[in-house]
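In: no sequence on hand, only this structure:
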């Protein structure tokens with residue numbers, strides 16, 4: 001769903017605000033989204049999404065890649 005959050009920063013701030021201390025948020029993304037309509041899939045630069053999360057206060061717990069359907 002991160003693809004559709006516009007403006008991303010506003011949504012991330014609200015998610016961060018309502019999270020309980022010590023909780024986690026997980027975003028699953030598919031690389032194929034980069035091929036879709038960029039006016040709809042507005043957040044497909046994963047590095048920029050991670051930078052935005054970290055600037056708000058999320059801690060990068062790492063990246064895990066899952067393959068398959």
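Out: Now that the structure is in, tell me what you want to look at. Just so it is clear, the structure is predicted and the values come from calculations on it, not from any experiment.
In: could you check how far the nearest residue to residue 44 once chain neighbours are set aside is from residue 46?
Out: Nearest non-adjacent residue to residue 44, counting by Cβ to Cβ, 6 or more residues apart in numbering: residue 34, 4.5 Å away. Any C-beta I mention is one placed from the backbone N, CA and C, and that applies to glycine too. Separation of residue 34 from residue 46 (Cβ to Cβ, to the nearest Å): 9 Å.
In: so the residue nearest to residue 44, which state does it fall into?
Out: helix (DSSP: H, G, I helix; E, B strand; the rest coil).
In: can you check what pLDDT the model gives it?
Out: pLDDT for residue 34: 91.
In: go on, residue 22?
Out: Here, the pLDDT recorded for residue 22 equals 88.
In: next one: the one 5 residues further on
Out: pLDDT, the model's per-residue confidence, is 83 for residue 27.
In: pretty sure it is touching residue 2, no?
Out: Yes - applying Cβ atoms under 8 Å, one finds residue 27 in contact with residue 2, separated by 4.7 Å.
In: neighbour count: those two, which is higher?
Out: For residue 27 versus residue 2, neighbours defined as other Cβ atoms under 10 Å are more numerous around residue 2 (20 against 14).
In: how near is that one to residue 50?
Out: Distance, residue 2 to residue 50, using Cβ to Cβ: 10 Å.
In: quick one on the thing from earlier: residues shared between the contacts of residue 27 and residue 2?
Out: Overlap of the contact sets of residue 27 and residue 2 (by Cβ atoms under 8 Å, 6 or more residues apart in numbering) consists of residue 49.
In: how far away is residue 50 from residue 25?
Out: When distance is defined by Cβ to Cβ, residue 50 is 12 Å away from residue 25.
In: contact partners for the closest residue to residue 53 other than its chain neighbours?
Out: Spatial nearest neighbour of residue 53, excluding adjacent residues (Cβ to Cβ, 6+ apart): residue 12 at 5.9 Å. Residues near residue 12 by Cβ under 8 Å, 6+ apart: 5, 52-53, 56, 58.
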